[in-house]
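Novice: Give me coordinates for this.
(chains A, B, C and D)
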2 protein chains.
Amino acid sequence: MTHDTLRRIKPLRLKGLPEDFRLKIKEARLKRGWGQRELGAKVGLPQPHISAIESGEIVPRFDTLLDLVRVLDQDILLIPRTLVPAVQSLIRAQREPAESEEQSLYAADDEENAPKEKRHDEV
Amino acid sequence: MTHDTLRRIKPLRLKGLPEDFRLKIKEARLKRGWGQRELGAKVGLPQPHISAIESGEIVPRFDTLLDLVRVLDQDILLIPRTLVPAVQSLIRAQREPAESEEQSLYAADDEENAPKEKRHDEV
DNA sequence: CGACATGATATGCTATACTATATAATTTAT
DNA sequence: ATAAATTATATAGTATAGCATATCATGTCG
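Specialist: The predicted model follows:
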């Protein structure tokens, strides 16, 4: 019964973390030019575990998730329901380039670190 | 700097959820006049487990926590670090009565439901 | 092509969240 | 003070997150 194979064409319903959490984590990781191994190392998790979290194979403990998002310069907050839309638009506003005629002088620069080239002989 | 964590003689360093999460959950529960048993029932957890979560004895899985806060009319969001202060003051603003000369017409009414009297012969 | 980096999968083991239940300890009400 | 409700603790079993490691598949680049 719980097995409904309604695997849409798209999101591939899994039972792990909410999709937006998974996507944002992965996106933030890639934006830094980090591999799963590198991210895992920073927080003390093995690469396969990062893979399992990002793919929704497992749902991590709260503290594990918190560690993860924090090395990605994010945080997890408890938000009253009525404030959720406001907070989300705040986030979106920062995310999007702030489209006006004039570009703002400073890029919306969160976690916008140079992907930092990595050589193959580095540990 | 941050909010000086007054780890006095008391708090007895636990490994559970962050303290503010635990306190806010408990506060929201009490505000509704719910006991641990009642809260647990709404989300399918036994009372001792709620106790363990609130007291910091354990750190729950993310999905468990999410279920919990949602029946308390709250949500958990991923916030970019730079936005955290803004979001927090948004929350505080709503929390606090908005102290001005004129009171606002409508109370800052989140989760501000009548504690709903309960009689002892009720199931 | 071959060397290498990355991510996905698999296995065995350990730690612990979670379930279910009972009961003690506290708090609140009458 | 007694009863009732609420919360904390205890025990035992199950499910699964997390750890460590190896391997496979894929992609990139020289």
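
Novice: Not counting sequence-adjacent ones, nearest residue to A:P18?
Specialist: Taking Cβ to Cβ, 6 or more residues apart in numbering or on different chains, and ignoring the residues beside it in sequence, A:P18 has B:L66 as its nearest neighbour in space, at 7.7 Å. Yep, even glycine has a C-beta here, placed from its N, CA and C like the rest.

Novice: mean confidence for whichever strand or helix holds A:A93?
Specialist: Using DSSP states H and E, A:A93 sits within helix A:84-95. Across helix A:84-95, pLDDT averages out at 96.

Novice: which strands and helices sit next to that helix?
Specialist: strand B:74-80, helix B:84-95 (3 or more Cβ pairs under 8 Å, 6 or more residues apart in numbering or on different chains; DSSP states H and E).

Novice: What residues of that helix count as buried?
Specialist: A:V87, A:L90, A:I91, A:Q94 (16 or more other Cβ atoms under 10 Å in any protein chain shown).

Novice: Tabulate the CA atom coordinates of it in CSV.
Specialist: What follows is helix A:84-95, C-alpha atoms only, in CSV (Å, rounded to 0.1, in the frame of the first residue of the first chain):
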residue,chain,number,x,y,z
VAL,A,84,6.8,31.6,6.5
PRO,A,85,5.7,33.5,3.3
ALA,A,86,7.5,36.6,4.3
VAL,A,87,10.7,34.8,5.2
GLN,A,88,10.6,32.9,1.9
SER,A,89,10.3,36.0,-0.1
LEU,A,90,13.2,37.5,1.8
ILE,A,91,15.2,34.5,0.8
ARG,A,92,14.1,34.6,-2.8
ALA,A,93,14.8,38.4,-3.0
GLN,A,94,18.4,37.7,-2.0
ARG,A,95,18.7,34.7,-4.3
